[in-house]
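In: sequence-free structure coming up:
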Ligand SMILES: Cc1cc2nc3c(=O)[nH]c(=O)nc-3n(C[C@H](O)[C@H](O)[C@H](O)COP(=O)(O)OP(=O)(O)OC[C@H]3O[C@@H](n4cnc5c(N)ncnc54)[C@H](O)[C@@H]3O)c2cc1C
């Protein structure tokens, strides 16, 4: 097996940060992963997907293993659902397109999210009113230290808003090998979130379909989010914070225009982008690190920013939002 030493991770993260990994390798099967784990047993291990939710703040003094396990397999079906097992190294959007082609419904609102299928449960990816949990059936993962394969059900994963057990208790403990999805044969359309209805009208759609919804989502996302190929970024850098209703009422008196969404459980989700914009960060640039001019939640690398510069900018944003609103933002991006 070839050992790759001192490898630049620049092509492997959408922030385009030029950090180095002491060792780097890819694996396309569980057996290959196990071989790597034996070979690199003395070093810390980091499992990499598409690199679209990571900020490397320095070189990684360990082994980065890129998941390349492929395969999309219809396992079984019943009257209402199909159960589809997908290799963790499949590209997420390609999987969505595969579902559209087979008329399997449920992931159309999650079109064009960058990254791999294996990372989708890590932060319970979500967009346009749908989250991974809505279609998740189970996953298989190898415990890196114990070298044993475990199966996780939705309850085991402890999914939350951009959150799961893999970001908390089991952070970096498992390599996800495959994810099984439960997809609907008869679609239930989710069009009320964001500008989907408006976009469908603009597209002149008469008969609603999962393909039409996917295209609407693609159109909206392409017009609003910076493409990492042009301006390197990792999508939303911060989560939208949840606060108790009383805190929201207090803020509303002081800031009548505050953007917020009431949640069923008696809390309110605040729009982090609005608060960041109010603090004057939208369009801000220091060196090559910046806050995107159209989307304040997205931090960008204009050319040669270091991960540390992006991190420092995120820290300044976090502190100013806390000072003005008394709300502590949480980073969505994984910091390494
Ligand atoms: C332009 C843009 C838009 C985005 N929009 C959205 C959005 O709408 N909604 C949303 O939820 N996210 C969004 N994201 C964030 C990102 O696309 C998702 O979080 C995605 O799931 C990350 O996948 P990845 O393969 O790139 O993960 P990586 O960045 O490679 O890894 C992320 C984390 O998951 C871990 N990981 C990855 N694969 C595995 C595995 N097989 N086993 C164990 N751990 C693993 C890594 O160790 C790391 O901790 C966006 C990002 C960008 C750049």
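Out: Thanks, I have it. Predicted, not measured: the structure shown is a model, and the values here were computed from it.
In: Could you check the biggest helix by length in the chain against the ligand for contacts?
Out: Longest helix of the chain, by residue count under DSSP state H: helix 307-325. No. Using Cβ under 6 Å from any ligand atom, helix 307-325 stays clear of the ligand, with a minimum separation of 13.1 Å. All C-beta spots, glycine's among them, are computed from the backbone N, C-alpha and C.
In: Pull out the buried positions in that helix.
Out: Under the neighbour-count criterion of 16 or more other Cβ atoms under 10 Å, helix 307-325 has 307, 309-311, 313-314, 317-318, 320-321, 325 buried.
In: Tell me which two in these are the farthest apart.
Out: Checked with Cβ to Cβ, the buried residues of helix 307-325 reach their widest spread between 307 and 325, with 26.8 Å between them.
In: Could you list the buried residues of the helix or strand where residue 202 lies?
Out: Per DSSP states H and E: residue 202 is located in helix 196-203. Of all the residues in helix 196-203, those buried under the rule 16+ other Cβ under 10 Å are 196, 199-200.
In: now the strands: where do they sit in the stretch 51-200 of the chain?
Out: Ranges of strands within the stretch 51-200 of the chain are 54-55, 60-67, 72-77, 81-87, 126-127, 130-131, 136-143, 148-152, 174-184, based on DSSP state E, counting those that start in this stretch.
In: any chance of those strands in a markdown table, plus mean neighbour count, mean pLDDT and distance to residue 281?
Out: Converted to a markdown table, these look like this (neighbours: other Cβ atoms under 10 Å; pLDDT from 0 to 100; distance: least, Cβ to Cβ, whole Å):
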| stretch | mean neighbour count | mean pLDDT | distance to residue 281 |
| --- | --- | --- | --- |
| strand 54-55 | 23 | 98 | 17 |
| strand 60-67 | 20 | 96 | 29 |
| strand 72-77 | 12 | 98 | 41 |
| strand 81-87 | 20 | 98 | 38 |
| strand 126-127 | 18 | 96 | 23 |
| strand 130-131 | 19 | 96 | 27 |
| strand 136-143 | 20 | 98 | 34 |
| strand 148-152 | 14 | 97 | 38 |
| strand 174-184 | 22 | 98 | 34 |
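In: Make TSV out of those strands and add distance to the ligand.
Out: Output for those, formatted as TSV (distance: least, Cβ to the nearest ligand atom, whole Å):
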stretch	distance to the ligand
strand 54-55	4
strand 60-67	4
strand 72-77	15
strand 81-87	10
strand 126-127	4
strand 130-131	8
strand 136-143	7
strand 148-152	11
strand 174-184	3
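In: shouldn't residue 7 be in contact with residue 26?
Out: No. Residue 7 is beyond contact range of residue 26, at 11.0 Å (criterion: Cβ atoms under 8 Å).
In: List the contacts of the residue most central in space within the chain.
Out: Nearest to the geometric centre of the chain sits residue 125, at 5.1 Å (Cα atoms, centre = their mean). Applying Cβ atoms under 8 Å, 6 or more residues apart in numbering, one finds that residue 125 lies in contact with 92, 110, 113, 115, 119, 131-132, 162.
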